[in-house]
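> All I have is the shape, not the residue letters:
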């Protein structure tokens, strides 16, 4: 087996100057050691791969004046709290603290992932942590500070490690490339740094993965090895979205997924790209972008074609899809649906609200299809059966039921506007009979609410206009929605073009029976024998 050592171990910090991106913490620890004011219980907390354990080892070496290659195993004890999380493990540790160091001045106990200790182990550790022997120093490290009980936190001096910035990671990788004599592109190192999520260890592992046996790192190598999507690909996707070119957009999306890019990574990458476009819209926030000047200019150009409302809605849609990705059975369909949602958004300027709208076929296809009859004779050409130009063709919706409904409404509208030539004298009695017939039909169809609304009052007829009164705005809205069907029915029955007028009369509201008692009184007026029936059977209301 080869003696190859991964970069994360080969270039692990051996002194405070080597620690990347934690200058505030390292300078504080360095001054505390030099002034002999270091606390006996330290807690290093922060994300993975930012230098917590490395700093703990450096502290152990510095306080004992050990050289890097010294055998200090009798003085420095590294414990894994995940495998020693019980009370018994802590008791053994406490027993060891009573023995003074054989070499050096201090025994240093580095307890990694300390949040894994049980509550009993934490409580057993409290007294020793508060008043440890003078020759002992405890350094606790954790990625989940919130899981540590407050009584432990109150006994420790806490150091919060932050995520390492992309610039610091790129600078450190460039130094390693210089030492190893590796050629590199600045953009390639930026891509590795952005993929590492602020963790130097992750960045070094990705660096090793991309490098392989080569002595050169390019942006294309990073894209191929890390299954990431290039900047130009995202630009192409955004341009297709702006053009609402659905066929090419779906084809491009599927070609990306066919290259082995995971759907959740695609959604995450696209949402991050829209975030960068949003950030690029203001020059003051350009410092938040990890691109060179030419790419920032491209982002600015893309942002000029999109307003804030659209960008925020795009990011919101993609974020929801990313959350639901693992739950989805058909994950590819979820990705495609998210892209279609983004492409079908439009802004209602009056209501300042974003809504979905189906994109007409004419926006991405303008072909003319003609069907021709076979030639009857060799001398004569027949005319085409149909000349369908899709530039003037618009689809209304994807729902078959909705298509049929739109057709019915269009037919009704044309019928309503039809001129009736035959004129005759119409009486109120005819109007009431037809009105009652229409109301009964609605009741037979199960539309009980509409039938009851049409029975609130009797229609009036004056100057060829049917006038119907309702008690309030809500019932007026219901009748207004039914207006086309109602007028069409009456006109056909009378074979005359009469007009329809709706009137709100609040006094009608008093005539409507709401309670059981009111309904009983109303029935009793219509049929007095109901009172005898009630008394005979001793019924109650």
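Looks like it arrived, so ask away. For clarity, every value in this text was computed on a predicted model and none was experimentally measured.

> Please make it C-alpha for all contacts and neighbour counts, starting now.
Will do.

> which residue is nearest the middle of this structure?
In the chain, the centroid-proximal residue (Cα atoms, centre = their mean) is residue 319; its distance is 1.9 Å.

> list the contacts for that residue?
Counting by Cα atoms under 8 Å, 6 or more residues apart in numbering, residue 319 makes contact with 267-268, 271.

> Any chance of CSV for those residues, columns pLDDT and neighbour count?
Converted to CSV, the contacts of residue 319 look like this (pLDDT from 0 to 100; neighbours: other Cα atoms under 10 Å):
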residue, pLDDT, neighbour count
267, 91, 24
268, 89, 17
271, 91, 21
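
> quick one: low-confidence ranges for this structure?
1-3, 68-74, 213, 347-424, 509-515 (pLDDT under 70).

> Quick one: distance of the helix or strand encompassing residue 275 to the chain centre.
Assigning secondary structure by DSSP states H and E places residue 275 in helix 263-280. Per Cα atoms, centre = their mean, to the nearest Å, the displacement of helix 263-280 from the mean C-alpha position of its chain is 11 Å.

> Would you mind getting the angle between the helix or strand just after it and helix 263-280?
Reading on from helix 263-280 to the C-terminus, the next helix or strand found by DSSP H and E is helix 293-304. Calculated by axes from the mean of the first three to the mean of the last three Cα atoms, to 10 degrees, helix 293-304 forms an angle of 90 degrees with helix 263-280.

> Check which residues of the helix or strand just after helix 293-304 are buried.
Following helix 293-304 in sequence order, the next helix or strand is helix 308-324 (DSSP H and E). Neighbour counts over helix 308-324 (16 or more other Cα atoms under 10 Å) mark 310-311, 314-315, 317-319, 321-322 as buried.

> again, but for stretch 140-150
By 16+ other Cα under 10 Å, the buried positions in stretch 140-150 come out as 140-143, 145, 148.

> ok, now stretch 157-175?
158-159, 161-166, 168-174.

> Likewise for stretch 257-270?
For stretch 257-270, a neighbour-count test (16+ other Cα under 10 Å) marks 257, 261-264, 266-270 as buried.

> Roughly how far does the residue nearest to residue 265 when sequence neighbours are not counted sit from residue 151?
In space, and not counting its chain neighbours, residue 265 is closest to residue 228: 7.9 Å by Cα to Cα, 6 or more residues apart in numbering. If you measure residue 228 against residue 151 using Cα to Cα, to the nearest Å, the figure is 45 Å.

> what about those two, which has more around it?
The residue with more neighbours, out of residue 228 and residue 151, is residue 228; 20 against 12, by other Cα atoms under 10 Å.

> What ranges does the protein have for its strands?
41-45, 76-80, 107-112, 136-142, 157-160, 183-184, 216-217, 345-348, 353-356, 368-372, 384-389, 460-462, 465-470, 499-504 (DSSP state E).

> Turn these into TSV, including distance to residue 32.
Formatted as TSV, the strands of the chain follow (distance: least, Cα to Cα, whole Å):
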stretch	distance to residue 32
strand 41-45	12
strand 76-80	19
strand 107-112	16
strand 136-142	14
strand 157-160	12
strand 183-184	39
strand 216-217	41
strand 345-348	58
strand 353-356	57
strand 368-372	81
strand 384-389	81
strand 460-462	96
strand 465-470	84
strand 499-504	84
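
> Out of those, flag the one nearest residue 481.
Across the strands of the chain, residue 481 has its closest neighbour in strand 499-504 (11.7 Å, Cα to Cα).

> follow-up on the earlier one: list just the nearest of the buried residues of stretch 157-175 to residue 286.
Set against residue 286, the nearest of these by Cα to Cα is residue 166 (14.7 Å).

> any idea how far that closest one is from residue 301?
Residue 166 sits 24 Å away from residue 301, going by Cα to Cα.

> Which one of the strands of the chain lies nearest to residue 520?
Closest approach to residue 520 among the strands of the chain is made by strand 465-470 (22.6 Å; Cα to Cα).

> Need the contact partners of that closest one.
456-461, 476, 498-506, 508.

> Filter the residues you listed down to the buried ones.
Buried members of the contacts of strand 465-470, scored by 16+ other Cα under 10 Å, are 456, 459, 461, 476, 498, 502.

> I'd like the buried residues of helix 308-324 laid out as JSON lines, including distance to residue 78.
What follows is the buried residues of helix 308-324, written out as JSON lines (distance: Cα to Cα, whole Å):
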{"residue": "310", "distance to residue 78": "52"}
{"residue": "311", "distance to residue 78": "49"}
{"residue": "314", "distance to residue 78": "48"}
{"residue": "315", "distance to residue 78": "44"}
{"residue": "317", "distance to residue 78": "46"}
{"residue": "318", "distance to residue 78": "43"}
{"residue": "319", "distance to residue 78": "41"}
{"residue": "321", "distance to residue 78": "43"}
{"residue": "322", "distance to residue 78": "39"}
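
> neighbours around the residue nearest to residue 75 when sequence neighbours are not counted, how many?
Leaving aside its chain neighbours, residue 75 sits nearest to residue 107 (4.6 Å; criterion: Cα to Cα, 6+ apart). The number of residues packed around residue 107, counting by other Cα under 10 Å, is 28.

> same deal with residue 136?
Residues lying near residue 136 (other Cα under 10 Å) number 22.

> on that earlier part again, OK, contacts around the residue nearest to residue 75?
Residues in contact with residue 107 (Cα under 8 Å, 6+ apart) are 74-77, 97, 100-101, 135-137.

> which helix in the protein runs the most residues?
Counting residues, the longest helix found in the chain (DSSP state H) is helix 473-494.

> what's the distance between that helix and the middle of its chain?
On Cα atoms, centre = their mean, the centre of helix 473-494 falls 43 Å from the chain's centre.

> what angle do the helix holding residue 275 and helix 308-324 make?
160 degrees.

> helices or strands next to helix 263-280 in the packing?
Helices and strands touching helix 263-280, by 3 or more Cα pairs under 8 Å, 6 or more residues apart in numbering; DSSP states H and E, are helix 293-304, helix 308-324, helix 331-343.

> repeat that with 6 Å
helix 293-304, helix 308-324 (3 or more Cα pairs under 6 Å, 6 or more residues apart in numbering; DSSP states H and E).

> Turn those into CSV, columns for distance to residue 39.
Putting these into CSV (distance: least, Cα to Cα, whole Å) gives the following:
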stretch, distance to residue 39
helix 293-304, 47
helix 308-324, 43
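
> for those, which one sits closest to residue 250?
Closest to residue 250 of those is helix 308-324 (Cα to Cα; 15.6 Å).

> Go ahead and measure how far the closest one is from the middle of the chain.
Taking Cα atoms, centre = their mean, one finds helix 308-324 lying 5 Å from the centre of the chain it belongs to.

> Repeat that for stretch 330-339.
Between the centre of stretch 330-339 and the centre of its host chain there is 13 Å, according to Cα atoms, centre = their mean.

> and if you look at stretch 11-18?
Distance, stretch centre to chain centre, for stretch 11-18: 40 Å (Cα atoms, centre = their mean).

> ok, residues contacting it?
19, 26, 58 (Cα atoms under 6 Å, 6 or more residues apart in numbering).
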